[in-house]
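J.: just the structure for this:
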Amino acid sequence: MATKKQWSVILSVAVASSMARAEPPASELTLTLDSPSVAVVESVIEGSSIERGPVASTAATAERRSPPAEKESQPARIARSVMETPRIKSPAVPSPTTSSGTRLKSLLVSHGAGNNNLESDGEECGCKESIAVGQADGQVASAAEMIRQRFPNGKPQVERWVIENTKGNIVNHGKYVEYDARGSVVLSGSYVQGQREGEWTQQITGEQVQALLSQRDRDFAAPFTSRASFKAGKLVGDWTVVDGKGRLMSSWSYVDGARHGTSSLFNSKGEVTQSITYKNNLADGPARLAEAGAAVKDTTFTEGLMLRQVDKWYPAVAGKPRVLQSQESQLVPMPFNVASSDWANSSITYQSAAATEPIRHGLAITFYPNGQRESEGNYDRGRRTGTFAWWYSNGQQKTVGEYGGDKEDGEWTWWHENGMKQASGFYADGRRVQEWSLWSNDGKLVKRTTSNNASQVADRDTSEDTLNR
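T.: Numbering: from 1, shown residues only. Modelled structure (predicted):
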C-alpha cells in the first residue's frame, strides 16, 4: 500500500505524462483514485539512508513508449507511467548536522516613526555570520553591519556601523559619518560599544563658536572645525577649534571627561588672550585674563575662586595725591568653573558664580592717612595665619604676634609709642599660657603673672586697655 507521500509523487509523474500527451492540465482533471485498483511500483534509492519510497523524479533521457491503441483509464495510465520510469542511483546523503553559526540579522536603527530613508548594507560589510551570543568579551551578540540614512533627494545623510549587544540593544560600533545636503562630511569618528572612542571631528557654525568662546576675533574665517579625542565616551586630551585657515582659536585640556590642565583662547595673530589652569573642572592655578579693553593680566585661581588684589583709597583731597587706605588679596567667585562639556553639541556649561562676599586670602595691609603702614598679616581663605604686626602712625612698632587657625597662638609682644616694651606673653589656641609680664612706659615692671585655665579669660579682659594692639 502506497503512503500519502508516495501518492503525491505518483500524481506529479502522472501530471507530467498527461501534459506530454496534450491532455488537459492536471488542475482541470478530477481524479478519483481508488487505491485498491491501482498497482503501485515502489523504488529503492541506492546508497540513501531512506530505505523505501517513491521515485523522486523522472530521467530526462528516459525513452517514451507509444501509447496503446485503445483508450486507457486514468488509473491505468498513472500506473504505466510509474512503471516506465527508470531506476535512479543517488549518492550517499550525510546525516544532518547543526551549523555552529547563525544567519546575520538585519539590524536597523529606528530614527522616528515613518522614517523610511534607512538602508541595511549587511552584505557590503563582508560579515557572513553573526558572532554567537556569549562570546568571550561578553558584549557583542552579532556582527557589525553598516546602516545608511538618506536625505529626501537620495544622498547619504548618515553612515554608521552598528551591532547588537548581549542585552539586545542595537548600538553604534565602528565608523560613524554624517554629511550635509551637499555631500560634505560634517561629523566623523568611531564608536566602540555605543561610546565614542579615538579622534572625532565636526564642522561647527559661527554662532556655535561665539557661544563656546564668548568672544571671537572677527578676523577668524569660516569654516570652523572642532576636534576632540575620547576614551570610553569621555573627553581626553585637547578639545580644539580652528578656523578655515587652520589658525588655532581655542584649546581646552581634559582628563577622564573633566577639564584638567591648561585651557587657552587665542586671537587671529596667535596671541594668548586667556589662559586658565584647571583641576577637575575647577579653575586652580596660574591664569592670564584680559578684561574688556584692558591688557592681559596674570592672576591665580584657588579651588575655583580667583585671587585678585583690591585697593581702597582715602577720599581725595584737592591739591594732594591720593592716599592708599588698604590693599589686600581676595578670593572672588568667577564664572570659569566648568559644570559640563558637551562636544557633540558644541556646548560648555559653567557653574554660576555664587553671590558671596569676597574672602580674604593672602597678604592684607592697612595704612594711616599720612601714608604710614598701620597693620599687616596673612589670611588663608578668610582665616588669620602666621605673623601679624601693627604700628603707630609715626612708624613705631606697636604689636607683633602669631596666629594659627584664626586664633592667637605663640608669642605676643606689645610696645609703648616711645619704643619701650609694654607687655609680652604666650597664647595657645587663643588662650593665655605660661608667664605674662607688664611694664610702664619708663620700663618699670608693673605685673608678672602665670596664667592658668581658670583665670585666663578674666586676666586678658582686665588688661585689654593696657595691652591694646
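J.: N165 pairs with what?
T.: Beta-bridge pairing for N165 (DSSP bridges): V140.
J.: I'd like to know how far it sits from A232.
T.: 15 Å (Cβ to Cβ, to the nearest Å). Heads up, the C-betas are built off the backbone N, CA and C, glycines and all.
J.: more neighbours: those two, which one.
T.: N165 (18 against 12; other Cβ atoms under 10 Å).
J.: and that one, what pLDDT?
T.: For N165, the model assigns a pLDDT of 88.
J.: isn't it up against V171?
T.: Yes - counting by Cβ atoms under 8 Å, V171 is a contact partner of N165 at 5.8 Å.
J.: shared neighbours, those two?
T.: Q193, G194 (Cβ atoms under 8 Å, 6 or more residues apart in numbering).
J.: can you pull the buried residues of the helix or strand W252 falls within?
T.: Using DSSP states H and E, W252 falls within strand 248-255. Residues M249, S250, S251, W252, S253, Y254, V255 are the ones in strand 248-255 that count as buried (16 or more other Cβ atoms under 10 Å).
J.: counting by contacts, list what the helix or strand following it packs against.
T.: Per DSSP H and E, the first helix or strand lying C-terminal to strand 248-255 is strand 258-259. Counting contacts by 3 or more Cβ pairs under 8 Å, 6 or more residues apart in numbering; DSSP states H and E, strand 258-259 is packed against strand 338-342.
J.: partner strands of the strand it packs on, with direction?
T.: In its sheet, and by DSSP bridges, strand 338-342 pairs with strand 347-350 (antiparallel).
J.: and for the partner strand, what are the contacting residues?
T.: For strand 347-350, contacts defined as Cβ under 8 Å, 6+ apart pick out A211, L212, W252, P335, F336, N337, V338, A339, S340, S341, D342.
J.: buried subset of those, written for ChimeraX?
T.: Here is the ChimeraX selection string for the buried members of those, based on 16+ other Cβ under 10 Å:
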select :212,252,336,337,338,341
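J.: which among the contacts of strand 347-350 gets closest to A221?
T.: L212 (16.5 Å; Cβ to Cβ).
J.: so the closest one is in which element?
T.: Counting by DSSP H and E, L212 is part of helix 206-213.
J.: domains of this structure?
T.: According to automatic domain parsing, the chain comprises the domains 4-83, 324-462.
J.: worst mean pLDDT among the ones you listed?
T.: When the domains of the chain are compared by mean pLDDT, domain 4-83 comes last with a mean of 43.
J.: so which elements touch the strand holding W252?
T.: Judged by 3+ Cβ pairs under 8 Å, 6+ apart, strand 248-255 is in contact with helix 206-213, strand 234-242, strand 261-266.
J.: 10 Å instead?
T.: helix 206-213, strand 224-231, strand 234-242, strand 261-266, strand 272-279, strand 338-342 (3 or more Cβ pairs under 10 Å, 6 or more residues apart in numbering; DSSP states H and E).
J.: paired strands for the helix or strand just after the fifth one, with orientation please.
T.: With elements assigned by DSSP H and E, the helix or strand that comes after strand 272-279 is strand 282-290. Based on DSSP bridges, the strands next to strand 282-290 in the sheet, each with its direction, are strand 272-279 (antiparallel), strand 296-302 (antiparallel).
J.: returning to what we had before: which residues sit against the helix holding L212?
T.: The contact list for helix 206-213, computed with Cβ atoms under 10 Å, 6 or more residues apart in numbering, reads 202, 204-205, 216, 220-224, 226, 239, 241, 243, 249-250, 252, 265-266, 273-274, 345-348.
J.: can you list the residue ranges for helices in the protein?
T.: Using DSSP state H, the helices of the chain run over 4-20, 74-83, 206-213, 456-462.
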